[in-house]
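Colleague: got a predicted model here, sequence first, then my questions.
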Amino acid sequence: MTHPMLAAPDLAEYRWALYACGHLLDLTNEPHPPVGLYRDEQSARLHGLYLWPTTFTVIDLHQDERP
């Protein structure tokens, strides 16, 4: 990071990933990276609803770590 006032993000804190899911509208047939990473599920879902009301999904990246 080049700006001294911006802390580097700790990626381990970001549990939820938002995907746009263009494949649901036949816009693509290739896998795409997540649009954003979030600390809480509600933020991810609200952002997905705002951008793509019917064509998004939110994935728990730490799903396999639960007891």
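Modeller: Here it is on my side, so go on.
Colleague: assumed residue 18 was part of a strand.
Modeller: Yes - the assignment for residue 18 is a strand, going by DSSP: H, G, I helix; E, B strand; the rest coil.
Colleague: thought it was touching residue 36?
Modeller: Yes - with contact defined as C-beta atoms under 8 Å, residue 18 counts as touching residue 36 (4.7 Å). Where C-beta positions appear, they are placed from N, C-alpha and C, glycine not excepted.
Colleague: tell me, what's touching the two both at once?
Modeller: 44, 47 (C-beta atoms under 8 Å, 6 or more residues apart in numbering).
Colleague: more neighbours: which of these two?
Modeller: Ranked by neighbour count (other C-beta atoms under 10 Å), residue 18 and residue 36 place residue 18 first, with 22 against 16.
Colleague: bridging residues for that one?
Modeller: Beta-bridge pairing of residue 18 under DSSP bridges involves residue 36, residue 58.
Colleague: alright, calling it a day.
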